[in-house]
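>>> Can you look at this prediction? I've put the sequence above it.
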Amino acid sequence: MPAAAVCDRLAQFEDFGFMWAPGQMTIATSFSPGGTAFTGEIMTTPISCYEIVLWAAHLSGVANNTVWNVIDDLFRANAQHNQPNNNSIQGALKRYYFNLLAPARAVGSYPSKGDLVLFSAAGIDYIAHVALATGNGYELLSLGHDGPVTAPAHGVALQVERLSINDVLTTNPLLTRVEFGTPPW
C-alpha cells in the first residue's frame, strides 16, 4: 500500500481528539509476531505520536508484519542511538534544517506525501516525535507535538493537526532536528 494512502487515512483523523501519552506501546504490540489484535477503543486508549501513524497504516491495509518491522526498527534505532535502517525508511534520511534567523530549507527536496517525519532534540540521538508528511511543502499531520507544552500529563486528549514542520518546532522548542524518509509500505 503506498505511503500516500496512509497519509490520506491519517487525514481522516484530523481534528479528532485522542488520549495522548508519550512512548506508549498500547497499539504497537498488537502488530508484533504473535501479538494479540488491538480490540480497544482507539479514541480513549492512550497512544503516542508514532502509534497514530501506524494505526493509519494498519487501517490502510498495510500488513501487520510490515508495520511491526517499522516499529521494531524505529525502537532499535532509538535504543542504539542510531539511524533507522531500511525497515522503516527506504533509502537515506533527508535532513531538514531549521534556524529561527534564517528560512527553513531541506537538503534534497520537500518530504513526499506519506513520508515519516522524525524529530529529535538537542544533544540526543533518539527519535522524540514522529509525524507524517502531507506532500504539500513542509506540511504534516501530527499528534502530540504540543504534548510536553500543553498536556504534560499522560492520557490527555490532543488532536491530530495539520501544520508545518516549523510550527512543530516553534510549539515544542525542545525539538531541534528533523529528518524525513519514505516508509516501506
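Thanks, I have the structure now. Residues are numbered from 1 along each chain as shown.
>>> so how far is stretch 8-23 from its chain's centroid?
What separates the centre of stretch 8-23 from the centre of its chain is 11 Å, taken as C-alpha atoms, centre = their mean, to the nearest Å.
>>> Counting neighbours, which bits of it end up buried?
The neighbour-count criterion (16 or more other C-beta atoms under 10 Å) identifies 9-10, 13, 18-22 as the buried residues of stretch 8-23. Yep, even glycine has a C-beta here, placed from its N, CA and C like the rest.
>>> Name the surrounding residues that touch it.
With C-beta atoms under 8 Å, 6 or more residues apart in numbering as the contact definition, stretch 8-23 has outside contacts at 42-49, 52-53, 56-57, 59-60, 132, 134, 141, 143-144, 147-148, 151, 154-162.
>>> Kindly check the end-to-end length of that stretch for me.
Taking C-alpha to C-alpha, to the nearest Å, the first and last residues of stretch 8-23 lie 24 Å apart.
>>> list the contacts for the residue nearest to Thr45 when sequence neighbours are not counted?
Counting by C-beta to C-beta, 6 or more residues apart in numbering, the nearest residue to Thr45 once its immediate chain neighbours are dropped is Thr26, at 5.4 Å. Neighbour list for Thr26: 38, 40, 45-47, 51 [criterion: C-beta under 8 Å, 6+ apart].
>>> rerun at 10 Å
When contacts are counted by C-beta atoms under 10 Å, 6 or more residues apart in numbering, Thr26 touches 19, 38, 40, 42, 45-48, 51.
>>> Secondary structure element for it, which one?
With secondary structure defined by DSSP states H and E, Thr26 is part of neither a helix nor a strand.
>>> State the pLDDT value of the spatially most central residue of the chain.
Residue closest to the mean C-alpha point of the chain, counted by C-alpha atoms, centre = their mean, is Val130 at 2.4 Å. Here, the pLDDT recorded for Val130 equals 90.
>>> So, low pLDDT: which residues of the chain?
Scanning the chain for pLDDT under 70 picks out 1, 75-109, 125, 148-155.
>>> which residues of it fall in helices?
With helices called from DSSP state H, the chain shows them at 3-11, 49-59, 64-79, 147-150, 165-171.
>>> Show me which of those has the highest average neighbour count.
With neighbours defined as mean count of other C-beta atoms under 10 Å, the helices of the chain peak in mean count at helix 49-59, which reaches a mean of 25.
>>> Packing partners of that one?
helix 3-11, strand 17-20, helix 64-79, strand 116-121, strand 129-133, strand 139-142 (3 or more C-beta pairs under 10 Å, 6 or more residues apart in numbering; DSSP states H and E).
>>> Try it again at 6 Å.
Helix 49-59 is packed against helix 3-11, helix 64-79, strand 129-133, with contacts defined by 3 or more C-beta pairs under 6 Å, 6 or more residues apart in numbering; DSSP states H and E.
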